[in-house]
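1. Need coordinates for the below:
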Amino acid sequence: MDLPTPTQFPIRKAYPHVFPKVFQTFTTKEDLRTSAKLYRNPDLSFAGFTLEYYYADFPSNPGKYDLHEIGFQDFALSVLRQIGTTSKNLRQLSSDPNHANKRLIRAATYAVSARYDVGWDFQPITDLTAQTIKQSELEEFALSAVLYDWDQCESFEAEIPTDRERFKTVSFAVPITDTQTAIENVSRHFPRSRIAWLNMANGHSTLGSYNCSHGGSQEEEVVTNTTVAVALGLHADVTDTDFKTWWSGENHLVYKQGRHIPPEGNYFVKTRFLTSTRWPESDLIPKCEQIIDCYMIAAAFADFRMYVPGMTSWSEAPYYYTWGGYVEDQAALEQRLTADIVGVIKTAVVNDITVLVLGASGCGAFRHDPWLEAKLWKRALDTYGYYFEHVEFAILPDEKNPDNTTAFVEVILDR
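-> Numbers count the residues shown, from 1 in each chain. The predicted structure is shown next:
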């Protein structure tokens, strides 16, 4: 089945984007080293601070514990070192519904991802040579972000490397699991492949509510365990003037002008998982068992939530649905959804990705129909699937959206 021809989609009006180039990289090493978000001066001294006081104080004062602050990072790192920085302990903290614990692991992983005096194993680095090596590694990850806007690209084929591998068959899977576990599994079975995972991102609020004591989206949960917060945070500003900040007492991150994720566009970033378990046969770094290197594609799928000023940055629902919730034009809706899907595939193709870990894109808070979403992914992969060795959709059971797993299993696996 032929894919619809992309057209210019409605711009997310709350934060208009401007792209002087189709593909953009923004950050330089100088930007990285002087970034206010990486090395902010602590507003609060954590000397003599106790974990008991933190747990008691956090619920009423979450905004006081900013994961970007060096002082709080050091406190979080000291807590993790006391309980042990094994992958099991780190994963338990990152999956804990208690946001006080999430803030600890996020501050610690941010420190590992941003500071050359903290090793990949969460331990201090005091040797100057080792610090120089770590700084070089940090720059490789933090400066890897590229923003793609395929709606502005005249020829996708011209961007494909001439030696891009094509496969006779592609294997599909729909594991009922989270994204990180899926990455761990495919890294075991495809240890020499270039692997990318899909970050179902917010197009305006950088990393969603990652810096706040609420929320629980796929983006927020997976980013907790990776270097992504630094790489994307460099393209964001801290806002303290919106309604969410006033209501919660916590600052939010918002993409800078021209760096929001556009329709059909996405960020491509080199990523390191910091809290994963490697199997012996693919363990390339024995002294740091929890490391997995791969790539992330952050795409902001169409948001069909009701627009609430100050709460939701923008909604595309009025373009495609009636006030009663009925589809106004099925062809236009499928064209809009397909644009984001194909945009992810295009970014993977031009970056030589051969294994993709995807998900039920938009089929949660953004209110996509999982049966339609699965059908459109299947259609797109029927067209571009020969570029991939393996594609899987990692989907967790969702009581609010029980059809997510059923739809993707039946449609993708032809059951």
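
2. Quick check: chain neighbours aside, which residue is closest to Ala317?
-> In space, not counting the residues next to it along the chain, Ala317 is nearest to Phe304; the distance is 4.4 Å by CB to CB, 6 or more residues apart in numbering. Every residue, glycine included, has its C-beta placed from N, CA and C.

3. Could you say which helix or strand holds that neighbour?
-> Phe304 is located outside every helix and strand, with elements delineated by DSSP states H and E.

4. Give me the spatial nearest neighbour of Ile292, chain neighbours excluded.
-> Of all residues not flanking Ile292 in the chain, Phe273 sits nearest, at 4.2 Å (CB to CB, 6+ apart).

5. For the one you found, which residues count as its bridge partners?
-> Phe273 has these beta-bridge partners by DSSP bridges: Thr226, Ile292.

6. Tell me who's in contact with it.
-> Applying CB atoms under 8 Å, 6 or more residues apart in numbering, one finds that Phe273 lies in contact with 180, 183-184, 225-226, 290-294.

7. Kindly give a single ChimeraX line that selects the buried subset of those residues.
-> Written as a ChimeraX command, the selection of buried residues from the contacts of Phe273, which uses 16 or more other CB atoms under 10 Å, is:
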select :180,183,184,225,226,290,291,292,294
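
8. any weak-confidence spans in the chain?
-> Using pLDDT under 70 as the threshold, the predicted model of the chain has low-confidence ranges 1-47, 240-249, 277-290, 307-313, 415.

9. For it, identify the residue most remote from the centre.
-> The outermost residue of the chain, judged against the average C-alpha position, is Gly48 (34.8 Å), by CA atoms, centre = their mean.

10. still on that earlier bit, looking at the contacts of Phe273, spot the one nearest Leu104.
-> Comparing those against Leu104 with CB to CB places Asn225 closest, at 13.0 Å.

11. hang on, the closest one packs against Ser87?
-> No - no contact is recorded between Asn225 and Ser87 when judged using CB atoms under 8 Å, the distance being 9.6 Å.

12. Touching both of these two, which residues are there?
-> Common neighbours of Asn225 and Ser87, using CB under 8 Å, 6+ apart, are 275-276.

13. Pop the domain breakdown of the protein in here.
-> When the chain is parsed into structural domains using automatic domain parsing, the resulting residue ranges are 1-26+144-415, 28-142.

14. for the ones you listed, which one ends up most surrounded?
-> Among these, judged by mean count of other CB atoms under 10 Å, the one packed with the most neighbours on average is domain 1-26+144-415 (a mean of 18).

15. how much distance is there from that one to the middle of the chain?
-> Taking the mean of its C-alpha atoms, domain 1-26+144-415 sits 7 Å from the chain's own mean (CA atoms, centre = their mean, to the nearest Å).

16. What are the phi and psi values at Glu69?
-> The phi and psi torsions at Glu69 (degrees, to the nearest 10) take the values phi -80, psi 130.

17. Quick check: the gap between it and Gly63.
-> When CB to CB, to the nearest Å is the yardstick, Glu69 and Gly63 sit 11 Å from each other.

18. go on, Gly48?
-> Between Gly48 and Gly63 the distance is 21 Å, computed by CB to CB.

19. can you check Arg164 too?
-> For Arg164 relative to Gly63 (CB to CB), the value is 47 Å.

20. Strands of the stretch 251-400 of the chain, start to end?
-> With DSSP state E, counting those that start in this stretch as the criterion, the stretch 251-400 of the chain has strands at 252-255, 265-273, 292-299, 355-358, 390-393.

21. Nearest to Arg367, out of those strands?
-> Between Arg367 and the strands of the stretch 251-400 of the chain, the shortest gap by CB to CB is with strand 292-299, which sits at 16.4 Å.

22. I'd like to check what contacts the closest one. Which residues are they?
-> By CB under 8 Å, 6+ apart, the list of residues contacting strand 292-299 from outside reads 183-184, 187, 194-201, 219, 226, 228, 232, 261, 265-273, 276, 278, 340, 343-344, 347-348, 351, 353, 361.

23. three-state assignment of the residue nearest the centre of the chain?
-> Nearest to the geometric centre of the chain sits Asn199, at 3.7 Å (CA atoms, centre = their mean). Going by DSSP: H, G, I helix; E, B strand; the rest coil, the secondary structure assigned to Asn199 is strand.

24. now do Gln131
-> Taking three-state DSSP as the rule, one finds Gln131 in the helix state.

25. ok, which stretches of the stretch 51-200 of the chain are helices?
-> Taking DSSP state H, counting those that start in this stretch, the helices of the stretch 51-200 of the chain run over residues 51-57, 70-83, 87-94, 99-114, 128-142, 179-189.

26. can you redo the ones you listed as TSV with distance to His252?
-> What follows is the helices of the stretch 51-200 of the chain, written out as TSV (distance: least, CB to CB, whole Å):
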stretch	distance to His252
helix 51-57	21
helix 70-83	17
helix 87-94	21
helix 99-114	14
helix 128-142	21
helix 179-189	23
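
27. of all those helices, which lies closest to Phe156?
-> Set against Phe156 and scored by CB to CB, the helices of the stretch 51-200 of the chain come closest in helix 179-189, at 25.3 Å.

28. Could you tell me the angle between the closest one and strand 292-299?
-> In this structure, helix 179-189 runs at an angle of 130 degrees to strand 292-299, with axes from the mean of the first three to the mean of the last three CA atoms, to 10 degrees as the basis.

29. Check what contacts helix 179-189 and list those residues.
-> Surrounding helix 179-189, the residues in contact under the criterion CB under 8 Å, 6+ apart are 175, 177, 193, 195, 197-198, 218, 222, 225, 273, 275-279, 281-282, 292, 294, 355, 357, 359, 390, 392, 394.

30. so the residue nearest to Ala317 makes contact with Pro318?
-> No - under the contact definition of CB under 8 Å, Phe304 does not touch Pro318, with a separation of 9.5 Å.

31. Which residues are in contact with the closest residue to Ser171 other than its chain neighbours?
-> What sits nearest to Ser171 in space, not counting adjacent residues and going by CB to CB, 6+ apart, is His390, at 4.8 Å. The neighbourhood of His390, defined by CB under 8 Å, 6+ apart, consists of 170-173, 186, 189-190, 193, 354-356.

32. what pairs with His390 across the strands?
-> Under DSSP bridges, the beta-bridge partners of His390 are Ser171, Val355.

33. mind checking how far it is from Lys375?
-> With distances defined as CB to CB, the gap from His390 to Lys375 amounts to 21 Å.
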